[in-house]
Structure formats: C-alpha cells, structure tokens
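Undergrad: here is my input, please return the structure:
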Amino acid sequence: MEKCMTMENAPRFTFGFYFQALTKMLSSPNRFFGELPIETGLRQPLGFLILSSLFFAGASLTTIHDNLTLMGGILLMNAIAMPFVTAGIGFMVMVMAMGKRVTFSKLFSVYAYATGVTLLASWIPLFVWLTEPWKWLLIIMGMVKGCGFKWIQAVMVVAVSIFVVVLLFWSLGPVMVQVREFMG
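TA: Next comes the predicted model:
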C-alpha cells in the first residue's frame with residue numbers, strides 16, 4: 001500500500017535545498033526535472049517559489065520610486081500567485097485534452113521551479129523579453145522530463161494555457177479601468 005504525501009511526511013524546505021535546486025536548474029534543467037520525485041508535495045516547490053519571489057519583489061523595488069510598500073506587495077503576490085494560476089489552467093487543459101496524467105502538485109512543482117529560477121533575472125528592466133520565453137521553455141521541458149509528456153503534448157498544454165491567460169487578462173481590462181476610475 002502506497003503512502004499518500006502529507007505535510008507531515010513531505011520533504012522539508014531548507015536554504016540548502018534552495019541553492020542546490022537553483023544550481024541544478026541553472027546547470028542542467030533536463031536532469032533536475034527528470035529527477036523530480038513522483039510524489040513531490042508542495043512544500044519544497046512552494047518554498048523555492050516564495051524565496052525567489054521575495055528576491056524578485058525586493059530587487060524590483062530598486063527600479064520603482066513611488067508607493068514602495070504597495071508595489072512590493074503587489075509584485076510579491078503576483079510572483080507567488082501567477083504560477084498557481086498558470087499551473088491550474090495548465091492542469092485543466094491537460095485533463096481536458098489528455099486525461100489526468102500527473103497530480104496537480106507534480107505539475108505545480110514544474111511551474112514553481114521554472115518560475116522561481118526565472119524570477120531571479122525578471123526584475124531587471126526589459127529582461128522580461130528573455131525570461132518569459134525561458135520560463136515557458138523550462139515548463140515544457142519539465143512536463144516532458146518530469147511528467148512524462150510527449151513534446152507535442154507539452155507544447156500544446158503551454159500554448160493553450162498562454163492563450164487562456166491572455167484571454168483572462170484581456171477580459172479583465174475593462175474591469176480594471178472601472179476600478180481605477182472608481183478609486184481615482
């Protein structure tokens with residue numbers, strides 16, 4: 001009988017783990033994703049994402065001059081929340097297109113590690129044009145090496161996910177204009 005991954009038996013997140021994972025992600029992402037355990041849990045990927053998000057938010061504040069506390073909070077929440085949103089959309093696309101292949105926690109870990117490593121350079125102005133494609137390529141690689149997807153399946157899940165996220169933000173545009181008018 002297999003043990004279910006719970007918070008009590010999930011591997012601990014440590015700074016040592018963070019730097020080991022970061023080194024492996026930068027030197028050999030193929031091997032890193034290929035060595036992800038079947039039952040990943042959320043503790044280590046979430047810790048990795050949060051630590052990278054804290055660095056990203058703090059470093060981003062060096063280029064912002066107004067409302068530092070508010071902007072820092074927004075940047076931090078965005079950096080932590082977006083991998084959940086995109087992994088959730090990716091999970092739905094995977095389930096609808098291919099059936100359930102992996103658990104949400106396994107798929108989320110791919111998104112969290114890929115996002116976490118790219119956040120370390122994303123704070124630099126205009127680097128988003130490099131880090132955003134890099135992040136999505138890492139996610140595709142993680143799906144193939146860590147989740148057992150075929151390349152075409154991973155590309156399809158990512159492409160549809162990006163399309164859905166763009167539609168989501170496009171549809172929120174008028175709402176944001178109304179909120180801005182109400183507050184301003």
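Undergrad: only C-alpha atoms from now on, for both contacts and neighbour counts.
TA: Fine.
Undergrad: got the phi and psi for Lys100?
TA: phi -70, psi 120 (degrees, to the nearest 10).
Undergrad: check it and give its pLDDT.
TA: According to the prediction, Lys100 has pLDDT 83.
Undergrad: residue contacts, it?
TA: Counting by Cα atoms under 8 Å, 6 or more residues apart in numbering, Lys100 touches Met94.
Undergrad: where's it relative to Pro37, distance?
TA: Here the criterion is Cα to Cα, to the nearest Å. By it, Lys100 lies 18 Å from Pro37.
Undergrad: same thing with Ala87?
TA: 18 Å.
Undergrad: looking at the two, which one has more neighbours?
TA: Counted by other Cα atoms under 10 Å, Ala87 and Pro37 do not tie: Ala87 has more neighbours, with 24 against 11.
Undergrad: and the helix or strand harbouring the more buried one, how far out from the chain's middle?
TA: Per DSSP states H and E: Ala87 is located in helix 68-98. The chain centroid and the centroid of helix 68-98 are separated by 7 Å, computed with Cα atoms, centre = their mean, to the nearest Å.
Undergrad: before we move on, what about stretch 123-130?
TA: On the basis of Cα atoms, centre = their mean, stretch 123-130 sits 16 Å off its chain's mean C-alpha point.
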